[in-house]
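**Student:** predicted model, plus sequence, below.
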Amino acid sequence: MTKHIRMRSSRGSSVYIKDGFSWPAFFFGPIWALVKRAWLQFFILLISFGVLIVIDELVVRPSKNILLICAMLAAYIGYMVVCGKNGNAWLRRNLEREGYSRVEVTDA
């Protein structure tokens, strides 16, 4: 059963955030952060993805070394897993910085 965390702002608006793995963050990374207006995470994810692309284009592809290609694939997958595993926690911390507080944990 999926758990959701209800957060409430000082103005009374409520937001429900799923607890656990975030599939949208896994698949879309920086785009997910941009849509959620998590600006710090957006810039960090964008820069780290850019670094992966630069390494891939300048080092891995020209070498055509199968071990480097496998290592780069593992790096991309690791990046996606980190985004998915931490996505909802990043969103929750972002809302707490904006003045939201945790109200309750519910089962959906």
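**Tutor:** Arrived safely, thanks for sending.
**Student:** measure Leu95 to Arg6 for me?
**Tutor:** Distance of Leu95 to Arg6, given as Cβ to Cβ, to the nearest Å: 11 Å. (Each C-beta comes from the backbone N, C-alpha and C, glycine too.)
**Student:** now do the shared contacts for the two.
**Tutor:** When Cβ atoms under 8 Å, 6 or more residues apart in numbering defines a contact, the residues bordering Leu95 and Arg6 alike are Val15.
**Student:** more neighbours, these two?
**Tutor:** Under the neighbour definition other Cβ atoms under 10 Å, Leu95 and Arg6 were set side by side, and Leu95 has more, 21 against 14.
**Student:** number of nearby residues for the closest residue in space to the more buried one that isn't next to it in sequence?
**Tutor:** Distance criterion Cβ to Cβ, 6 or more residues apart in numbering; nearest residue to Leu95, sequence neighbours excluded, is Met7 at 5.4 Å. Applying other Cβ under 10 Å, we find 21 other residues in the vicinity of Met7.
**Student:** low-scoring stretches of the chain, by residue?
**Tutor:** Applying pLDDT under 70 to the chain flags the ranges 1, 108.
**Student:** show me where it has its strands.
**Tutor:** Taking DSSP state E as the criterion, the chain contains strands spanning 3-8, 14-18, 101-107.
**Student:** got the angle between the last one and strand 14-18?
**Tutor:** Pointing back at strand 101-107 there. Here strand 101-107 runs at 50 degrees with respect to strand 14-18, directions being taken by axes from the mean of the first three to the mean of the last three Cα atoms, to 10 degrees.
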